[in-house]
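**Q** sequence? don't have it. structure:
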């Protein structure tokens, strides 16, 4: 499955394709005890910032897998920039069927659990690459509060309230699937702002530079309403975070 063009444009300046700042990424690496020589597999890795940063700062080795060619190219360029090309590799492939040839210490899928048809299926996929006792990372949206109406649900990019769990519901689902939640790092309002608000500038620059592009009217219409809807609904109701889990 390819990435819709709108997202490629909106996230064109982003290195982290989730509502995480670099400090949140660092916090996550420290929280799960990443260190020199540890191995990490990152499925649907986006532009590879997690692997590159953890290789640069914490000494891990890893492989990232993503289906989007521009993202894979950006990840490889980032590895060159941070001088970790000998520590990380990036594979252009469908992550939904990818299993590591060697068992890894950490297997991750942050923000793309559709590759396993949901949280439980993605955990099953990650487990196929994990060593016994290894850590699975799942990044997933959740409801901070249950939205009050259909407009609020749609503004949070959901088709129905049932599309997401509450945080306690998400933790319970992982427990029911046979995993212990051993850590978590959650996005906050500032990291959400940096992720979402930065997209508006990317969209505006594209619209100004490409007035005849077929997608421009759609992006122009989004700019007309997105900031207000974000402030009114998404910032309040929608959460996101990464859970660290170990199989029971």
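**A** Alright, I've got the coordinates. All values derive from a computational prediction rather than experimental measurement.
**Q** ok, residue 104 touching residue 39?
**A** Yes. Counting by CB atoms under 8 Å, residue 104 does reach residue 39; the two are 4.2 Å apart. All C-beta atoms are positioned from the backbone trio N, CA, C, and that covers glycine.
**Q** For those two, indicate the residue with more neighbours.
**A** residue 104 (23 against 18; other CB atoms under 10 Å).
**Q** ok, that one - contacts?
**A** 39, 40, 41, 62, 129, 130, 131, 134 (CB atoms under 8 Å, 6 or more residues apart in numbering).
**Q** what sits against the most centrally placed residue in the chain?
**A** Taking CA atoms, centre = their mean, the centroid of the chain lies closest to residue 111, which sits 3.2 Å from it. When contacts are counted by CB under 8 Å, 6+ apart, residue 111 touches 17, 18, 44, 46, 139, 140, 240.
**Q** buried ones in the lengthiest helix in the chain?
**A** In the chain, taking DSSP state H as the definition, the longest helix is helix 189-209. Within helix 189-209, the residues that count as buried by 16 or more other CB atoms under 10 Å are 191, 192, 193, 194, 195, 196, 199, 202, 203, 206, 207.
**Q** Could you list every helix and strand that the following helix or strand past it packs against?
**A** Sequence-wise, the next helix or strand downstream of helix 189-209 (DSSP states H and E) is helix 216-229. Using 3 or more CB pairs under 8 Å, 6 or more residues apart in numbering; DSSP states H and E, the elements in contact with helix 216-229 are helix 5-10, helix 189-209.
**Q** State the mean pLDDT of helix 216-229.
**A** Helix 216-229 comes out with an average pLDDT of 97.
**Q** Return the set of buried residues in that helix.
**A** 216, 219, 222, 226, 229.
**Q** contacting residues for the residue lying closest to residue 105 once chain neighbours are set aside?
**A** Spatial nearest neighbour of residue 105, chain neighbours left out: residue 38 (4.6 Å); criterion: CB to CB, 6 or more residues apart in numbering. Neighbouring residues of residue 38 by CB under 8 Å, 6+ apart: 58, 59, 60, 61, 105, 106.
**Q** separation between residue 38 and residue 169?
**A** According to CB to CB, to the nearest Å, residue 38 stands 31 Å off from residue 169.
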